[in-house]
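Participant: fold the following, please.
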Amino acid sequence: MAVGQQGEFVAVVNDTDPKNGGKSYSLKISGNNHAQLLGKKIGDTVDGIFVGEGEQTLSGYKLQITGGSDKTGTPLRRDLEGGRRQAVLVTQSTGFKGHNLVFKNKGGEKKRFRYKPDGLRKRRFFRGNTISQDTRQINLKVIEAGKKSLGDILSAPSEEASE
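Facilitator: Okay, the predicted model is just below:
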């Protein structure tokens, strides 16, 4: 199944263990595991057995949903209810950086400046905080680690395949 097809998520798991340097891992979720995550909200806790496929499941791990995006790249937002796409007038926050970039020529080279006007607001599209069929990426962080480290679970099959 190719990335972005119906019935599949890409899970980005952030390892919060300071020994591993905050590394992130990308996993696919499909089939029955896909159905287990539908209807969950940002902030909910998920069992790691539903994340990954085959031997790469994270059994023994507890993961928290921290965000995500839909098939068009629109971010999920914690303070919007539901799973539909909505236009919201926002200041600097999730999904909007709140500055304009201005390019000026100084001394023969082009320099970039950030211009932050007071009260800058924009109407942006966001998805609600609920995971739906339109969600394509889910961001997760480790709350409770299992027996094996994430690096051992997720990098082992790729090393065997290269040999």
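
Participant: distance-wise, check the residue at minimal distance from the centre of the chain relative to residue 51.
Facilitator: When CA atoms, centre = their mean is applied to the chain, the residue found nearest the centroid is residue 139 (2.9 Å). Applying CB to CB, to the nearest Å, the value for residue 139 to residue 51 is 12 Å. (Each C-beta comes from the backbone N, C-alpha and C, glycine too.)

Participant: all strands of the protein, in order?
Facilitator: The residue ranges that make up the strands of the chain, judged by DSSP state E, are 8-14, 24-30, 45-47, 62-70, 85-90, 100-106, 109-115, 122-127, 135-144.

Participant: pLDDT-wise, which helix or strand of this structure ranks last?
Facilitator: Per-element confidence for the chain was summarised using mean pLDDT, DSSP states H and E. The lowest value among helices and strands belongs to helix 150-162, with a mean of 61.

Participant: low-confidence ranges, the protein, go.
Facilitator: Residues of the chain that meet the criterion pLDDT under 70 lie in 1-6, 156-163.

Participant: what is the neighbour count of the nearest residue to residue 150 once chain neighbours are set aside?
Facilitator: Nearest-residue entry for residue 150: residue 15, 4.8 Å, with adjacent residues in sequence omitted and distances by CB to CB, 6 or more residues apart in numbering. By the measure other CB atoms under 10 Å, the count of residues near residue 15 is 19.

Participant: so residue 15 sits against residue 25, correct?
Facilitator: Yes - counting by CB atoms under 8 Å, a contact exists between residue 15 and residue 25, whose distance comes to 7.1 Å.

Participant: and for these two, which residues touch both?
Facilitator: Residues touching both residue 15 and residue 25 comprise residue 150, with contact defined as CB atoms under 8 Å, 6 or more residues apart in numbering.
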